[in-house]
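*Asks:* Whatever this is, show me its structure:
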Amino acid sequence: MNKDPKSIFTIDVEDYYHIVSDRGVPPISEWDSLPSIVESGFLKLLDLLDVYEVKATCFFLGYIAKKYPYLVKEARTRGHEIASHGMFHRVIAQMSREEFTTDLHNSKSLLEDICSEEITTFRSPSFSVTDATPWFFESLAETGYIADSSVFPVKRDYGGYQIEQKKPYWIKTDKGNICEFPISVASLLGKELCFFGGGYLRFFPKWVILYMHKKLANKGIPTLYYIHPREMEPQHPRLKLNKKSYFKCYVNLKTVKSKLEAILSRGEFVTCQQYLEEMKDS
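*Replies:* Modelled structure (predicted):
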């Protein structure tokens, strides 16, 4: 009997106001004056991962890492991979290549100074890499990254990068190669959908998520999950968003913990870095 592939559990370490929306999101100048829940939410996630002995890849927003460096150190002490989520949660297409490269360098250097080890994995805010940013992967490589988890293979508000590949795969650039960890999607009624993170994980029932995970596993495809600290704090402050954004941000927050418990209790998990090492050895 073939063994199910190992899954990958990832955390975007950002606060409740670090979302991408045209209206209702406070500007950077107001961030320091807002109440924060990232500490409590992230520590709850770390404690939950400890219970199931699961190691995660933690994509730290530079702003959060600078404000709460002890969270970076705590995650590393518990054996999790530290990775970059950029500095200020800016959509990639809203930056020039030069701005993006500076952002990559600054977040990488900041995290390396805190945890005293090289940072090699990146995830763009809101999975916002698209065909409109053809320099994205080359910029990663020239800045010293070797892995990325930004490709969302179905259309979404600020991202969507059409690929057929569902497993981690290599992207060749003139500056070096990048191993891409695409967000997991599965087929439902002939349509590819995500079930495994953020609003998708909150919207779909637990049994559907587990069924779709098994569907991927049966094909030898690892499931990549993603979550945010705010989703461990159901009563966190609400932003004034339009109806669509409000629903996506706050639907079924109270279901998150039980879903994560069901997910983490099934199968084996590795970090992006561990998966990459196993790819190289195979």
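*Asks:* Quick check: the gap between the residue nearest to V20 when sequence neighbours are not counted and K243.
*Replies:* Sequence neighbours aside, S126 is the residue nearest to V20 in space, at 4.2 Å (criterion: CB to CB, 6 or more residues apart in numbering). C-beta coordinates here come from the backbone N, C-alpha and C atoms, glycine included. For S126, the distance to K243 (CB to CB, to the nearest Å) stands at 19 Å.
*Asks:* of those two, who's got more company?
*Replies:* S126 (22 against 7; other CB atoms under 10 Å).
*Asks:* thinking the more buried one is in contact with E14, fair?
*Replies:* No. S126 is not in contact with E14 according to CB atoms under 8 Å; the separation is 10.3 Å.
*Asks:* so what sits against both of the two?
*Replies:* By CB atoms under 8 Å, 6 or more residues apart in numbering, S126 and E14 have these common neighbours: H89.
*Asks:* List the buried residues of the one helix or strand E277 maps to.
*Replies:* Element membership for E277 (DSSP states H and E) is helix 272-281. Within helix 272-281, the residues scored as buried using 16 or more other CB atoms under 10 Å are C272, Q273, Y275, L276.
*Asks:* same for it, what does it pack against?
*Replies:* Judged by 3 or more CB pairs under 8 Å, 6 or more residues apart in numbering; DSSP states H and E, helix 272-281 is in contact with strand 7-13, strand 81-84, strand 147-148.
*Asks:* Out of those strands, the one nearest D32 is which?
*Replies:* Of all these, strand 7-13 sits nearest to D32, with 17.3 Å by CB to CB.
*Asks:* what's that closest one in contact with?
*Replies:* So strand 7-13 is in contact with 38, 42, 45, 49, 54-61, 64-65, 71, 75, 85, 123, 149, 181, 197, 213, 222-229, 263-264, 267-272, 275, going by CB under 8 Å, 6+ apart.
*Asks:* Name the residues that touch stretch 45-57?
*Replies:* 8-11, 74-75, 78-81, 83, 121, 149, 227, 229, 232, 257, 260-261, 264-265, 269-274.
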